[in-house]
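Participant: give me coordinates for this.
(one chain, ligands or ions: 1)
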Amino acid sequence: DQIEKAGYEHFMLKEIYEQPSAIKDTYRGRMLADRGIIRMAGVDDNLEKFLNAKRIIVVACGTSWHAGLVAEYIFEDLARIPVEVEYASEFRYRNPVINKDDVVIAISQSGETADTMAAIKLAKENGAFVFGVCNVVGSSISRETHAGAYTHAGPEIGVASTKAFTTQITILSLIALKLGKAKGSISNTDYHMYLNEMELIPSKIEKALESNKHIIEVAKVYKNAKNCLYLGRGYNFPVALEGALKLKEISYIHAEGYPAAEMKHGPIALIDEQMPVVVIATKKGHYEKVVSNIQEIKSRKGKIIAIVTEGDTSVKNMADHVIEVSETFEALTPLLTTIPLQLFSYHIAVMLGKNVDQPRNLAKSVTVE
Ligand code: G6P
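Facilitator: Below is the predicted model:
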């Protein structure tokens with residue numbers, strides 16, 4: 001057990017730190033940035049199906065569903081294909097409209113989630129092409145889907161998913177870029193810039209991990225909180241959901257993720273000096289709007305923990321704590337902003353003495369319906 005943890009106190013921490021190398025493993029051999037090539041057999045062999053798709057339906061559960069939400073933004077943005085993201089458990093039970101020219105993407109770390117499997121079977125029965133994004137090689141879902149791509153994140157032991165999430169986003173981004181290039185919905189210049197930027201992501205994650213000590217200090221301040229709100233917009237709205245899920249899963253603190261602009265339609269009523277609010281406020285992506293949300297929280301005495309772009313000064317002046325991440329393209333920010341949120345939950349759970357790798361009532365792979 002100790003050997004497998006490679007000196008880390010928990011698998012979750014090890015897996016958080018593995019993300020730079022896991023992401024490299026995801027794109028290794030697939031993305032040749034210097035030659036401007038993205039190749040993935042499962043997509044290349046079925047390129048027409050993807051290009052002719054009237055829409056993409058993503059089915060997944062838990063953290064994988066959050067990766068699907070990020071994919072919605074990136075596919076619509078770069079490949080201009082409409083995307084619907086469905087909880088597999090809702091999709092399968094509600095007589096959904098599935099057409100032959102739909103492409104269904106099933107995302108699952110374990111490749112064993114029963115509801116996701118059932119959604120795949122339903123999609124296949126209705127004639128859709130089903131593409132899997134799994135981590136576990138040879139898993140049931142990877143065998144049931146027509147084609148797919150493995151994330152190659154390596155074994156994920158901690159029940160709270162970390163590196164599976166960022167590698168799922170990586171693979172989905174590569175697919176979106178490939179389709180965007182094939183469709184001409186992104187320019188050649190942008191395509192090349194994205195590939196080059198993707199190659200920098202592992203080192204930018206390394207940099208984000210360097211905030212660990214600072215995050216421990218922030219975690220100390222909020223470890224006894226009863227509730228926590230997470231806000232983000234655009235690409236970082238799903239990251240807010242994922243940040244809240246991480247905190248709930250391992251520390252048992254009630255947390256909610258919300259699109260920042262929706263705060264005024266409900267969560268704002270909860271804000272007082274007892275309420276920590278984690279706000280993702282990176283420079284790209286409606287920055288000014290998020291800044292005004294921060295002002296609203298501040299005027300109600302909420303405590304603000306902001307995830308900002310390196311060198312930011314305006315949010316720094318308002319927030320109680322800031323955690324910096326490197327600048328990157330908006331579409332790739334989730335790969336960086338997720339990191340401090342994982343560490344924040346991890347440290348709070350450790351400080352509270354919780355079983356981080358095996359939280360109560362949760363399972364790594366949910367094979368019941
Ligand atoms: C369980 C796990 C989560 C995971 C979800 C979906 O709830 O605890 O970490 O996100 O299942 O699992 P999958 O293997 O399909 O990604």
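Participant: only C-alpha atoms from now on, for both contacts and neighbour counts.
Facilitator: OK.
Participant: ok, now which ones touch Ile250?
Facilitator: Contacts here follow C-alpha atoms under 8 Å, 6 or more residues apart in numbering; on that basis Ile250 touches Ala160, Ser345, Tyr346, Ala349, Lys354, Asn355, Val356, Asp357, Pro359.
Participant: in CSV, list those residues along with neighbour count.
Facilitator: Shown next, in CSV, are the contacts of Ile250 (neighbours: other C-alpha atoms under 10 Å):
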residue, neighbour count
Ala160, 28
Ser345, 27
Tyr346, 26
Ala349, 24
Lys354, 16
Asn355, 13
Val356, 25
Asp357, 18
Pro359, 19
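Participant: excluding its backbone neighbours, what's nearest Val356?
Facilitator: Ile250 (5.5 Å; C-alpha to C-alpha, 6 or more residues apart in numbering).
Participant: so where do the helices sit in the stretch 51-200 of the chain?
Facilitator: Secondary structure of the stretch 51-200 of the chain (DSSP state H, counting those that start in this stretch): helices at 62-74, 88-91, 114-125, 140-144, 163-183, 188-209.
Participant: now the fifth one: mean pLDDT?
Facilitator: Taken as a whole, helix 163-183 has an average pLDDT of 98.
Participant: the first one too?
Facilitator: pLDDT averaged over helix 62-74 equals 98, rounded to a whole number.
Participant: packing partners of that helix?
Facilitator: Contacts defined by 3 or more C-alpha pairs under 8 Å, 6 or more residues apart in numbering; DSSP states H and E place helix 62-74 against strand 55-60, strand 83-87, strand 102-108, helix 163-183, helix 237-251.
Participant: by how many degrees do it and strand 83-87 diverge?
Facilitator: Comparing the axes of helix 62-74 and strand 83-87 via axes from the mean of the first three to the mean of the last three C-alpha atoms, to 10 degrees yields an angle of 170 degrees.
Participant: got the buried residues for helix 62-74?
Facilitator: Thr63, Ser64, Trp65, His66, Ala67, Gly68, Leu69, Val70, Ala71, Glu72, Tyr73, Ile74 (16 or more other C-alpha atoms under 10 Å).
Participant: please apply the same query to the fourth one.
Facilitator: By neighbour count with 16+ other C-alpha under 10 Å, helix 140-144 contains the buried residues Ser140, Ile141, Ser142, Glu144.
Participant: and what of the second one?
Facilitator: Neighbour counts using 16+ other C-alpha under 10 Å place Ala88, Ser89, Phe91 of helix 88-91 among the buried residues.
Participant: setting aside sequence neighbours, what's the nearest residue to the last one?
Facilitator: Counting by C-alpha to C-alpha, 6+ apart, Ala119 is the residue found nearest to Phe91 once chain neighbours are left out, at 6.7 Å.
Participant: which residues does the one you found contact?
Facilitator: Val59, Ala88, Ser89, Phe91, Arg92.
Participant: so who does the residue of the stretch 201-350 of the chain found nearest the ligand touch?
Facilitator: Nearest to the ligand, among the residues of the stretch 201-350 of the chain, is Glu249, at 8.2 Å (C-alpha to the nearest ligand atom). Listed by C-alpha under 8 Å, 6+ apart, the contact set of Glu249 reads Ala160, Pro359, Leu362.
Participant: by proximity to the ligand, which residue of the stretch 251-369 of the chain wins?
Facilitator: Lys364 (4.3 Å).
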